[in-house]
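Novice: below are the sequence and a predicted model; questions follow.
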Amino acid sequence: MEQPKGVDWTVVILTCQYKDSVQVFQRELEVRQKREQIPAGTLLLAVEDPEKRVGSGGATLNALLVAAEHLSARAGFTICVGVSLWIGGCHPPGPLPEASVHRAFPLLQVVTSDVLHSAWILILHMLGPGSPPGVWVCSTDMLLSVPVNPGISWDSFRGARVIALPGSLAYARNHGVYLTDPQGLVLDICYQGTEAEIQRCVRPDGRVPLVSGVVFFSVETAERLLATHVSPPLDACTYLGLDSGARPVQLSLFFDILYCMAENVTREDFLVGRPPELGQGDADVAGYLQSARAQLWRELRDQPLSMAYVSNGSYSYMTSSATEFLHSLALPGAPGAQIVHSQVEEQQLLAAGSSVVSCLLEGPVRLGPGSVLQHCHLRGPIHIGAGCMVSGLDIAHSEALHGWELHDLVLQGHRTRLHGSPGHAFTLVGRLDSWERQGAGTYLNVPWSEFFKRTGVRAWDLWDPDTPPAECCLPSARLFPVLHPSRDLGPQDLLWMLDRQEDGGEALRAWRASWRLSWEQLQPCLDRAATLASRRDLFFRQALHKARHVLEARQDLSLSPLIWAAVREGCGPLLATLDQVAAGSEDPGVAARALACVADVLGCMAEGRGGLRSGPAANPEWMRPFSYLECGDLAAGVEALAQERDKWLSRPALLVRAARHYEGAGQILIRQAVMSAQHFVSTEPVELPGPGQWVVAECPARVDFSGGWSDTPPLAYELGGAVLGLAVRVDGRRPIGARARRIPEPELWLAVGPRQDEMTVKIVCRCLADLRDYCQPHAPGALLKAAFICAGIVHVHSELQLSTSSILAGTALAALQRAAGRVVGTEALIHAVLHLEQVLTTGGGWQDQVGGLMPGIKVGRSRAQLPLKVEVEEVTVPEGFVQKLNDHLLLVYTGKTRLARNLLQDVLRSWYARLPAVVQNAHSLVQQTEECAEAFRQGSLPLLGQCLTSYWEQKKLMAPGCEPLAVRRMMDVLAPHVHGQSLAGAGGGGFLYLLTKEPQQKEALEAVLAKTEGLGNYSIHLVEVDTQGLSLKLLGTEASTCCPFP
């Protein structure tokens, strides 16, 4: 099955138990929408429960009412037509500090093919796709693991549907389970049932379907439920009833609203029943609840309730137990540590089964098995042993942890607001401590008596003298300092309790001098807005460290998500960080990638406006920073770029143009890196040809069978390239050539175009000023001018028949060097052409010159290093296979000209962004080259055809848009007749080469194409493997009639 797409939600609502959470979570929802985790057109609402004790059912009914009102305010929207609505609740139970923030917006951990999500993220992206219009409702007090495609069928669905996940019989004793018939119709909902009741619910897999907190209502059922808000006493569940003075009523979503829809439930049993949410002390409201249940029975009883059982999912309720909470986050038994949204300098210090989420860990920070670090910026040496959770600590708190070895502890920092003033408080509890009010009780994993004896703390320090013994428990103990009269608080104000102190009681006196709160007292003082803001700040702080590390370590990880998030959420230091990496790097590849990331930031800031990313980059205002880069002063160049950048940030058009110039700056650094190929260019002196004597260089064309794009800088020296190419004659001719001779005049005579053709461009260069446009590829004679400069010649006349290919550049250089009395070896010439193309600023790779200058079938390779060196290996094929290949290989001119420059810019942009698909595809290109070489060694045409077909798919992944529609139509027509086919080079047009199934098919395929309309001016040519490669010869001087100038 294909991975499901997201849902086009109409409304997303998050219900909040506390009034002060509403604005905080509203802003957070909007942040998620900016990150495109929620569709842009979705209405987002954070809604306060009308009263704290309306229960999950009352909160759902109130949310439906609020959604209906907001949708009614939108022209053309109603609650009952085409609605895709999500409602989620945030109702923290208390013991784990800041549970509401954790539950509503937890971070994600990726575990193989499953994703551990909060339920609301899970519904948005995994359970929701495929469902009909309606209302999804879920709690956020559990962790669910669900496969990407849960396989839920919605055929003939009506009523409501609950999502169930498998659990053990032992777990079900303290939980809710569904009893269903074989068709999935819910018969009963059993909470904390007897052994026999639970046994009735067992599925064929031996597990029981747990109540998971996720339910879907059809439009009809949602309408029925909404209709109850006008009927007493259910009106008291909504803010309208509360504003009208109605007495609040507490409803359970599952054991009131859904329970009445279960098939086996009778009216009598339903009316006298009590949901688990209604405690024993609430007997006085039983009659009020019975009236509410009677109303639900009338409205919903005829609506069917079905169950979708996700057999390969898992469920974990977020209880008050720190042990269970750690177990769900730390993933014990995992082969290594889980590191999510974090930068860890010494990962080897993290034990298997530990978890680090949204942290920045500098230096030696040791984490034991089963322990969790969340939202921390720490600097070692720090040792956190097994069974610990540490959260919310900043680098300023690191020193307090030095020298301690923590075990089975929960240490957390909290943002607080006391009487309007922001603050920072800390809590420390034991993993094994009980938060229940019954029992003897413990603190820091030891009985209270032992704690008192060890620390000198007394019971009256924690509880008032008149506190009943039953109320003297951990939740009510005033343990946690929130304000000290003379200094800032830190973890040390609690850590001293772990061991006997030899400080003369100083730590105890400081603790007693502090204003302290119990957990129950601290809960209302937690500043959720400041907590989320600090976590966002830490996220970007660690992300910037990670970005620096990714760039400097040359890792194939994409920074695009960080760039995208930073721009939308205002992370200003990102540009400065990229500037620092670029300026401080000694590797031009690292600096070029950092500049490309700056260009991506600027492009993202333009928000899709301001024009195309590809374009010219030679504005005079940018020439000063470019000149620094050309001279090798990287630091000054980056600084000057940043200064100029600040002038171009005011509107999208300027941002896009600035991005182009940053890519231009990166091209300068690529050019300098490729220039290292000069190390492998050498010449030998030979006898100088006579004046007027022509030197003629001829070369075959080339076709690439695998690996193209991997030869293109910077891929050629960052990834390492491998390309298999063939030198070929076209219609029996070697189509590429160059001629050069010395003339007596101190001038350069250039002729570009077919010999003695009216279209030939004739150029005379009499001074250096005439050569200034050598670096502008579209300028007349630019390639020739660049060749003169690279060869060090200023007095040679040349006449060339050329296109702007690398093979042609090789023939030009070979002819010029020989005319100047020097000879260049073929391998040296390959590197010389790399140099020339950088001078010309076309930025090409090395596959063309390897394919055309070297004879036969060969593989060119370059290693992932500088200086850039290309090595060539001849591929040996079976006897007679070359002739067989000649009989089956054809070349088709498509009639579509192409310009690879924009394609090149797009590919380099994708590579520098390290888009995962592009990185994977680049590695596949190199790998398949070796497979293609083996196919040649075997002499297998079908295997070679498969290589060509997959190669063309790889090219299209590398450069989307390289396949014109007319070419696609031509390839479809030819497909039944060929083993494989591909456009040559970068694609976009030009030549198509075919490996036919039958030999000598030129006339047959011409007939096939002739019957196809709309193909344009195409032509088919014979191709044969050339076994000679580059050739040089001297002609006589009588060819004066060949001089193109009078």
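Specialist: Ah, there it is.
Novice: is it correct that residue 706 is in contact with residue 925?
Specialist: Yes. The pair residue 706 / residue 925 is scored as a contact, 7.2 Å apart, by C-beta atoms under 8 Å. Yep, even glycine has a C-beta here, placed from its N, CA and C like the rest.
Novice: overlap of the contact sets of those two?
Specialist: residue 951 (C-beta atoms under 8 Å, 6 or more residues apart in numbering).
Novice: could you list the low-confidence segments of the stretch 801-950 of the chain?
Specialist: Within the stretch 801-950 of the chain, the segments meeting pLDDT under 70 span 801-805, 839-843, 897-902.
Novice: mind doing that once more with 50?
Specialist: 801-804, 900 (pLDDT under 50).
Novice: separation between residue 708 and residue 855?
Specialist: 20 Å (C-beta to C-beta, to the nearest Å).
Novice: again, but for residue 516
Specialist: For residue 516 relative to residue 855 (C-beta to C-beta), the value is 86 Å.
Novice: picking that back up, so for residue 708 and residue 855, which residue has more residues nearby?
Specialist: residue 708 (28 against 18; other C-beta atoms under 10 Å).
Novice: not counting sequence-adjacent ones, nearest residue to residue 787?
Specialist: Counting by C-beta to C-beta, 6 or more residues apart in numbering, residue 812 is the residue found nearest to residue 787 once chain neighbours are left out, at 4.5 Å.
Novice: for the one you found, grab the count of nearby residues.
Specialist: Around residue 812 sit 28 other residues, with neighbours defined as other C-beta under 10 Å.
Novice: repeat that for residue 355.
Specialist: 26.
Novice: where along the stretch 601-750 of the chain do the helices fall?
Specialist: Ranges of helices in the stretch 601-750 of the chain, per DSSP state H, counting those that start in this stretch, are 623-630, 634-645, 652-674, 715.
Novice: hmm, I typed the wrong one, I wanted the stretch 851-1000 of the chain.
Specialist: Under DSSP H, counting those that start in this stretch, the stretch 851-1000 of the chain gives helices at 881-888, 900-912, 916-938, 941-958, 965-974.
Novice: centroid-nearest residue for the chain?
Specialist: Compute the mean C-alpha point of the chain, and by C-alpha atoms, centre = their mean the closest residue is residue 561, 5.1 Å away.
Novice: ok, now which ones touch that one?
Specialist: With C-beta under 8 Å, 6+ apart, residue 561 has no contacts at all.
Novice: could you tell me how many residues sit around the residue lying closest to residue 971 once chain neighbours are set aside?
Specialist: When the adjacent residues along the chain are set aside, residue 971 lies closest to residue 981, with 5.9 Å between them (C-beta to C-beta, 6+ apart). Neighbourhood size, residue 981 [other C-beta under 10 Å]: 22.
Novice: may I have the beta-bridge partners of residue 981?
Specialist: Residue 981 has these beta-bridge partners by DSSP bridges: residue 994.
Novice: these two touch, right, it and residue 996?
Specialist: No. The criterion here is C-beta under 8 Å, and residue 981 misses it with residue 996 at 9.3 Å.
Novice: just to check, residue 630 is in contact with residue 668?
Specialist: Yes. If you go by C-beta under 8 Å, residue 630 and residue 668 touch, sitting 6.1 Å apart.
Novice: of those two, who's got more company?
Specialist: Higher neighbour count among residue 630 and residue 668: residue 668, with 23 against 13, using other C-beta under 10 Å.
Novice: would TSV of the helices of the stretch 601-750 of the chain with distance to residue 820 be doable?
Specialist: Output for the helices of the stretch 601-750 of the chain, formatted as TSV (distance: least, C-beta to C-beta, whole Å):
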stretch	distance to residue 820
helix 623-630	27
helix 634-645	35
helix 652-674	24
helix 715	34
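Novice: wait, which of those helices is closest to residue 127?
Specialist: Relative to residue 127, the nearest member of the helices of the stretch 601-750 of the chain by C-beta to C-beta is helix 652-674, separated by 38.0 Å.
Novice: still on that earlier bit, residue 894: which of the helices of the stretch 851-1000 of the chain is closest?
Specialist: It is, among these and with distance given as C-beta to C-beta, helix 965-974, at 5.2 Å.
Novice: what residues does the helix or strand harbouring residue 307 touch?
Specialist: Using DSSP states H and E, residue 307 sits in strand 305-309. With C-beta under 8 Å, 6+ apart as the test, strand 305-309 has contacts from 150, 152, 157, 159-166, 178, 180, 183-186, 203, 209, 258, 261-263.
Novice: in its sheet, which strands sit next to whatever helix or strand comes next after it, and in what direction?
Specialist: Going down the chain from strand 305-309, the next helix or strand is strand 314-317, by DSSP H and E. For strand 314-317, the paired strands and their directions (DSSP bridges) read strand 142-146 (antiparallel).
Novice: same for the helix or strand following the strand it pairs with, what does it pack against?
Specialist: As assigned by DSSP H and E, the chain's next helix or strand after strand 142-146 is strand 160-167. If contacts are counted by 3 or more C-beta pairs under 8 Å, 6 or more residues apart in numbering; DSSP states H and E, strand 160-167 sits against strand 176-180, strand 208-218, strand 305-309, strand 314-317.
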